[in-house]
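Q: Give me the fold of what follows.
(one chain, ligands or ions: 1)
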Amino acid sequence: MHVTPDHPRYVSLSLRERLIQAHERGIVSIAGLIAHGRGEAFDYLLGEYTHGFAIDAIEAMAANIVLARHPVFVVNGNVAGLVAEDVVALSRDAPLHLEVNLFTPSAGRTRTIVELIEGLGGVAHTPEEDTATLPGVSSSRSSISVFGLGSADFVVAPLQDGDMVHALKKAGMKTATIDLNPLSRSAHDADITVVDNITRAVPLIRDAVRFLKKRSRKELEVISRFDKEGALHEAHRSMTERYR
Ligand code: PTJ
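A: Okay, here's the model as predicted:
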């Protein structure tokens, strides 16, 4: 479908088109297309812009990335389909590790996503290089890389179905997520939740990381603290107000 910039829903329709094309290239699953529709509905309620509560979360996430010994960003089909370039750029700037971990398991899709990342100049871990097990996650997703998630002290796991963030926390890792749904399990389980569209959030995380790298450890420790309950409350409030 060709969408022209003068269409009133240009940005939203372009994202949809990007995801459909990524599905056709074997990156995004069918379930991923459904998940995107759910995200669109929440984004509509948010007014499709980045709120102050998301900016606060982005700054806290960026400070944690800079402070971490071994930060890891989890890439699934939707993340790769929507923001592969930005995520690779972030992984080089921070630096942080990327690990491909899929909800709907498929060796072929994992390989396609790894090739996409490598084509953009990035590197991605997969469990195939050396496997560890993450207890509490259903299916083959419990297989993680020893050098990626298996060594992580801070994990950014965006657009997750629910048990991943919970399991990472149980394994003792500090976690962050990006999720347009402030009611989701992941949004509540993560230490830091960015309620925003990942397409808007990742470029801002990259800017924040670049800026915060110049700050002292003491300053970073202050910025890294985050009032998650307050942020989720603000997200609920702004959605309800817009709905009214
Ligand atoms: O590629 P795979 O196999 O790993 O599958 C990935 C999906 C996303 C299909 C899988 O993790 C899944 O089923 O997720 P859920 O349970 O649908 O949850 C995804 C969450 O991401 C929902 O709360 C959505 O509202 C949210 N979401 C969807 N699109 C965006 C989003 N959040 C931020 N930005 C988006 N663009």
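Q: Going by C-alpha atoms from here, please, whenever you check contacts or count neighbours.
A: Fine.
Q: which parts of this structure sit against the ligand?
A: Applying Cα under 6 Å from any ligand atom, we find that the chain lies next to the ligand at 28-29, 31-32, 35-36, 38-39, 76-78, 102-104, 159-161, 178-181, 184, 196-198.
Q: can you give me the strands in the chain?
A: Listed in chain order, the strands of the chain (DSSP state E) span 71-75, 97-100, 124-125, 131-133, 143-145, 154-156, 174-178, 192-194.
Q: worst average pLDDT in the ones you listed?
A: For the strands of the chain, mean pLDDT drops lowest on strand 131-133, to a mean of 92.
Q: Filter the residues of the chain next to the ligand down to just the buried residues.
A: 28-29, 32, 39, 76-78, 102-104, 159-160, 178-181, 196-198 (16 or more other Cα atoms under 10 Å).
Q: among these, which are in helices?
A: The helices, defined by DSSP state H, take in 32, 39, 77-78, 198 from these.
Q: give me every residue that touches the closest residue to residue 220 other than its chain neighbours.
A: Leaving aside its sequence neighbours, residue 220 sits nearest to residue 63 (Cα to Cα, 6 or more residues apart in numbering; 5.4 Å). For residue 63, the contact set (Cα atoms under 8 Å, 6 or more residues apart in numbering) comprises 209, 212, 220-221, 223-224.
Q: from those, which would you call buried?
A: Using 16+ other Cα under 10 Å as the threshold, 209, 212, 220, 223-224 are the buried ones among these.
Q: Contacts only, for the spatially most central residue of the chain.
A: The centroid of the chain falls nearest to residue 158 when counting by Cα atoms, centre = their mean (2.6 Å). Neighbouring residues of residue 158 by Cα under 8 Å, 6+ apart: 74-75, 79, 176-179, 198.
Q: The residues you listed: which two are farthest apart?
A: 79 and 176 (14.6 Å; Cα to Cα).
Q: Can you pick out the residue with more neighbours from the two?
A: residue 176 (28 against 23; other Cα atoms under 10 Å).
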